[in-house]
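Chemist: I'll drop the sequence and a predicted model, then ask my questions.
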Amino acid sequence: PNAWALGLGSTARDRLAAAHLREGAEPYDTAVQAYGRILGGADTDEEWDRAAPLFYGRWDDVARAHFAAGEHEQNEKAAAAFAGPDACDPPAVRAALRRVAGEVLVLAGELDGNPPPGLAGQIAAAFPAGVLHVQPAAAHFPWLDDPAGFAERVGRFLATGA
């Protein structure tokens, strides 16, 4: 589950703090400024295009292709149903997660602002045997940022548990 399904959520301040971790070089400086404007209410496609590098550990050809494909691959109706105001009952979700018998690996990117690693830790804690792994130098799509590292961590968890 994402944090909102548990009644948790990253704040605009959390998301902007994560964005500021990227400052100091382009394209991140421009992206941080755009993300600040988005969080301030300027929610336009152009600003999201400028902010896109923040959601990836590195802004390379793979990240740019993933971002470009997202516009064509997202099902808006399904997304609205999944994340709509009545999509989840956080107390019921928390109760259900407390009944999960096996170990659960929650993966977070070190540079992700939604959820930031601390909030991902709260998600892991919602499970009786939740384990948090924070992938270094990764953002919201850790499987793209370091595919080998991501696969190694998931493979190790599946083979041996936490």
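Modeler: All right, it came through fine. Numbers count the residues shown, from 1 in each chain.

Chemist: contact partners of the lowest-mean-pLDDT helix or strand in the chain?
Modeler: The helix or strand of the chain with the poorest confidence is helix 76-83; it has a mean of 81 (mean pLDDT, DSSP states H and E). Under the criterion CB atoms under 8 Å, 6 or more residues apart in numbering, residues 4, 87 lie in contact with helix 76-83. C-beta here means a position set from N, CA and C on the backbone, and glycine is covered the same way.

Chemist: and after that helix, which helix or strand comes next?
Modeler: helix 90-98 (DSSP states H and E).

Chemist: so for that following helix, what's the average pLDDT?
Modeler: For helix 90-98, the mean per-residue pLDDT is 95.

Chemist: low-scoring stretches of this protein, by residue?
Modeler: 1 (pLDDT under 70).

Chemist: center of it, which residue is that?
Modeler: Nearest residue to the geometric centre of the chain (CA atoms, centre = their mean): residue 140, 3.9 Å.

Chemist: so who does the nearest residue to residue 141 once chain neighbours are set aside touch?
Modeler: Distances taken as CB to CB, 6 or more residues apart in numbering put residue 56 closest to residue 141, at 6.0 Å, once the chain neighbours are dropped. Residue 56 makes contact with 63, 66, 67, 139, 140, 141, 144, 145 under the criterion CB under 8 Å, 6+ apart.
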